[in-house]
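Chemist: sequence? don't have it. structure:
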């Protein structure tokens with residue numbers, strides 16, 4: 001972890017020193033956001049560079065980060081010398097910090113204390129549990145293992161096409177962490193960092209919208225209380241990471257629009273957009289309205305011709321970060337976005353968009369809540385009934401396969417307050433957003449930038465409903481929108497009922513977040529408290545409580561493969577099957593060979609290695625073509641085939 005965290009710390013010091021060389025220092029929050037952008041860009045550059053020479057391995061990554069670390073130390077020493085960076089400067093910083101501390105009221109310190117406890121609780125949970133998110137084990141982490149095995153980012157054969165074409169930035173970070181530490185022990189901490197940096201971004205955007213100090217702190221607390229945010233904060237996913245870049249895009253974009261000639265704001269805007277697009281495909285639908293908003297403002301401020309030129313530079317920066325991944329997608333799909341169109345709706349009409357939007361709202365309605373939140377069931381069912389009546393006006397079937405993934409009818413019972421990162425919702429925050437959206441048009445005291453941002457966020461929500469089929473787990477796709485709404489809600493509610501109301505709601509939100517931390521379905525703090533946490537290798541099967549059934553089967557398969565002595569193992573599994581636990585358990589059993597998907601039944605079959613002849617195959621059914629030359633053994637839901645010259649341990653052959 002040192003080789004990843006030390007460069008970030010040095011980058012922060014460099015930007016902070018550069019800040020104090022200016023007539024008006026830009027402050028610590030901007031230094032942190034610039035650090036995030038620079039660090040993320042270095043991750044992309046190093047990953048793509050090593051990919052070119054097929055050296056994506058632990059030794060090469062360690063060497064690369066060591067060179068970066070040495071370069072940053074040199075830059076910092078040079079800046080310190082040039083700026084007379086001596087003890088009096090630190091004394092001044094300490095004086096400024098002490099002045100800021102004394103300026104906070106009792107209520108703010110209560111919020112700080114709660115937020116600090118929350119951060120510590122999240123860090124403890126992240127370190128105590130395996131990375132057991134369902135989607136992480138299906139494609140986020142398996143693609144990392146394939147990259148490390150091949151030493152490159154080249155496309156590979158797999159039954160889960162998302163391992164290849166989905167935007168990869170979060171997995172780049174996971175790759176560096178797994179390679180440099182030799183395992184996944186710290187993977188969950190990455191989104192804890194994403195959560196904390198997102199909170200800093202929320203406070204910075206609130207300041208940009210004209211919020212005073214207390215409102216900025218309240219906006220931060222509101223964001224910290226978003227249930228899906230705290231659930232995902234300990235999970236190896238990408239929604240909080242993409243939220244950093246979208247918040248950064250808003251902040252840098254607004255500053256660039258006000259000062260179009262500033263290279264700092266221009267570069268920050270371009271890197272923010274590029275990293276967002278490289279992290280998650282839905283970033284496009286959220287970023288597009290923001291870019292339109294910023295672009296119009298920049299053209300009005302700087303003029304049409306200069307503004308167009310600078311806008312082109314922003315686009316070039318964004319594309320530069322994405323060119324490697326886009327080219328790999330283009331080689332297979334003829335499109336830089338890969339097969340992302342498969343998640344879209346088959347038909348697009350105003351009625352379909354309205355249907356999807358209403359159902360996306362319904363995801364956050366609290367019904368079927370566990371105690372003590374079950375007091376929300378009655379009002380929640382009334383709201384859900386109202387949304388169902390509104391939906392009926394669209395004339396659409398709520399489970400139409402052309403507009404819906406799965407067969408769940410949201411109006412038969414929302415899951416807006418379940419403790420699940422995959423299917424939960426954000427009931428309180430959805431209500432606050434509704435209140436703010438209704439009040440904003442009538443509030444002259446709220447800045448125009450807040451109103452423009454609100455319109456951009458509403459547009460982003462509608463674009464999500466336009467381009468992405470409705471799905472029961474679409475709540476987490478909206479997480480960046482909720483974080484972006486937090487500063488808008490804060491500046492609006494602060495005007496409606498005064499700061500006391502806003503601060504009370506903010507404190508309530510962050511206190512309620514501990515319910516989700518304590519009862520998290522996959523990584524509950526409650527199990528740490530009562531000492532009932534299962535063994536780490538069993539935690540990979542916590543989803544739907546599969547520890548008792550699936551773990552013994554996976555462990556048996558891994559043990560049999562390792563004992564057979566086979567070093568070339570084929571995986572013949574479909575995308576719903578959890579792939580990552582095979583990598584973990586096989587390594588635990590001492591397996592040091594190679595895993596590749598075989599008999600792939602999709603467009604990625606062209607990447608199957610014709611020179612790979614497995615001596616063992618893990619299959620989910622008994623129809624493997626190569627079974628004639630192999631011994632077969634059923635193991636739970638799987639069939640293990642082993643070359644007869646190797647033989648199955650304990651078999652009679």
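Modeler: Now that the structure is in, tell me what you want to look at. If you're wondering where the values come from, they're calculated on a predicted model, not measured in any experiment.

Chemist: what bits of the stretch 251-400 of the chain have low per-residue confidence?
Modeler: For the stretch 251-400 of the chain, the stretches with pLDDT under 70 are 304, 340-346.

Chemist: can I see the domain layout of the protein?
Modeler: Per automatic domain parsing, the domain ranges recorded for the chain read 1-103, 342-497, 543-643.

Chemist: So what's the residue count around residue 3?
Modeler: 18 (other CB atoms under 10 Å). Where you see a C-beta, it was placed from the backbone N, CA and C, and this is true even at glycine.

Chemist: Sticking with it, tell me its helix or strand.
Modeler: For residue 3, the host element (DSSP states H and E) is helix 2-19.

Chemist: contacting residues around that helix?
Modeler: Identification of contacts with helix 2-19 by CB atoms under 8 Å, 6 or more residues apart in numbering yields 25-28, 30-32, 34-35, 38-39, 42, 61-62, 65-66, 68-69, 72-73, 75-76, 79-80, 83, 85, 176-177, 180.

Chemist: now the end-to-end length of stretch 146-165.
Modeler: 14 Å (CA to CA, to the nearest Å).

Chemist: chain center to that stretch, what's the gap?
Modeler: Offset of stretch 146-165 from its chain centre (CA atoms, centre = their mean, to the nearest Å): 20 Å.

Chemist: How about stretch 425-433?
Modeler: Computed by CA atoms, centre = their mean, the chain-centroid distance of stretch 425-433 equals 20 Å.

Chemist: do the same with stretch 303-319
Modeler: 28 Å.

Chemist: Which parts of the stretch 101-250 of the chain are strands?
Modeler: Shown for the stretch 101-250 of the chain, no strands are assigned by DSSP state E, counting those that start in this stretch.

Chemist: Just the buried residues of the contacts of helix 2-19.
Modeler: Using 16 or more other CB atoms under 10 Å as the burial test, those include 26, 30-32, 34-35, 38-39, 42, 61, 65, 68-69, 72, 76, 79, 85, 176-177, 180 as buried.

Chemist: Now intersect those with the helices, please.
Modeler: Those of the buried ones among the contacts of helix 2-19 mapping onto helices are 30-32, 34-35, 38-39, 42, 61, 65, 68-69, 72, 76, 79, 176-177, 180, per DSSP state H.

Chemist: Who are the packing partners of the longest helix anywhere in the chain?
Modeler: Longest helix in the chain, counting residues (DSSP H): helix 304-333. Helix 304-333 is packed against helix 28-52, helix 162-165, helix 263-279, helix 283-302, with contacts defined by 3 or more CB pairs under 8 Å, 6 or more residues apart in numbering; DSSP states H and E.

Chemist: got the angle for that helix vs helix 263-279?
Modeler: Counting by axes from the mean of the first three to the mean of the last three CA atoms, to 10 degrees, helix 304-333 lies at 20 degrees to helix 263-279.

Chemist: chain center to helix 304-333, what's the gap?
Modeler: 22 Å.

Chemist: Helix 28-52 and that helix, what's the angle between them?
Modeler: 40 degrees.

Chemist: buried residues in helix 304-333?
Modeler: Of the residues in helix 304-333, 307, 310-311, 314, 317-318, 321-322, 324-326, 328-329, 332-333 count as buried by neighbour count, 16+ other CB under 10 Å.

Chemist: And stretch 168-186, by the same measure?
Modeler: For stretch 168-186, by 16+ other CB under 10 Å, it's 168-181, 184-186.

Chemist: Same question for stretch 269-280.
Modeler: Buried residues in stretch 269-280, defined by neighbour count with 16+ other CB under 10 Å: 269, 270, 271, 272, 273, 274, 275, 276, 277, 278, 279, 280.

Chemist: just stretch 231-239 next, same as before
Modeler: For stretch 231-239, using 16+ other CB under 10 Å, the buried residues are 231, 232, 233, 234, 235, 236, 237, 238, 239.

Chemist: cool, stretch 217-234 as well?
Modeler: 217-234.

Chemist: mind checking pLDDT for residue 617?
Modeler: What the model reports for residue 617 is a pLDDT of 95.

Chemist: I'd assumed it was in a helix, is it?
Modeler: No - applying DSSP: H, G, I helix; E, B strand; the rest coil, one finds residue 617 to be strand, outside a helix.

Chemist: So it sits against residue 573, correct?
Modeler: No - look at residue 617 against residue 573 with CB atoms under 8 Å: they stay out of range, at 10.1 Å.

Chemist: Neighbour count for the two, which is higher?
Modeler: Counted by other CB under 10 Å, residue 617 and residue 573 do not tie: residue 617 has more neighbours, with 26 against 21.

Chemist: In the sheet, which residues pair with the more buried one? Tell me.
Modeler: On the basis of DSSP bridges, residue 617 is bridged to residue 570, residue 641.

Chemist: Let me see the contact set for it.
Modeler: So residue 617 contacts 569, 570, 571, 572, 598, 624, 626, 630, 640, 641 (CB under 8 Å, 6+ apart).

Chemist: and of these, the nearest to residue 506?
Modeler: Taking CB to CB as the measure, residue 506 lies nearest residue 571 of the contacts of residue 617, at 47.8 Å.

Chemist: per-residue pLDDT, the closest residue to the closest one other than its chain neighbours?
Modeler: Of all residues not flanking residue 571 in the chain, residue 597 sits nearest, at 5.0 Å (CB to CB, 6 or more residues apart in numbering). Note for residue 597: predicted pLDDT of 95.

Chemist: Now for residue 597, how many residues are close by?
Modeler: With other CB under 10 Å as criterion, residue 597 counts 25.

Chemist: which ones are touching it?
Modeler: The contact partners of residue 597, taken as CB under 8 Å, 6+ apart, are 156, 157, 158, 159, 570, 571, 572, 573, 604, 608.

Chemist: Distance check, it against residue 329.
Modeler: 19 Å (CB to CB, to the nearest Å).

Chemist: Poorly predicted segments of the chain, please.
Modeler: For the chain (pLDDT under 70), the answer is 23-25, 83-103, 304, 340-346, 497-498, 544, 627, 646-653.

Chemist: for the residue nearest the centre of it, what are its contacts?
Modeler: Geometric centre of the chain, nearest residue: residue 238, 1.6 Å, by CA atoms, centre = their mean. Residues touching residue 238, when contacts are defined by CB under 8 Å, 6+ apart, comprise 140, 167, 169, 170, 279, 280.

Chemist: what would those look like in CSV with distance to residue 511?
Modeler: Shown next, in CSV, are those (distance: CB to CB, whole Å):
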residue, distance to residue 511
140, 31
167, 35
169, 33
170, 29
279, 30
280, 30
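
Chemist: just checking, residue 452 touches residue 295?
Modeler: No - the pair residue 452 / residue 295 is not scored as a contact, 12.0 Å apart, by CB under 8 Å.

Chemist: which residues do those two both contact?
Modeler: Residues touching both residue 452 and residue 295 (CB under 8 Å, 6+ apart): none.

Chemist: picking up where we left off before, can you redo the contacts of residue 617 as CSV with distance to residue 427 and neighbour count?
Modeler: As requested, those are exported to CSV (distance: CB to CB, whole Å; neighbours: other CB atoms under 10 Å):
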residue, distance to residue 427, neighbour count
569, 46, 25
570, 46, 24
571, 40, 23
572, 42, 24
598, 46, 23
624, 47, 19
626, 52, 16
630, 53, 22
640, 46, 21
641, 49, 23
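
Chemist: from those, which two are the most distant?
Modeler: Most distant of the contacts of residue 617, by CB to CB, are 571 and 630, 14.8 Å apart.

Chemist: on that earlier part again, any idea which of the contacts of residue 617 is closest to residue 556?
Modeler: Closest to residue 556, out of all of the contacts of residue 617 and judged by CB to CB, is residue 640, at 8.6 Å.

Chemist: for that closest one, what are its contacts?
Modeler: 557, 560, 561, 616, 617, 618, 619, 632, 633, 634, 648.
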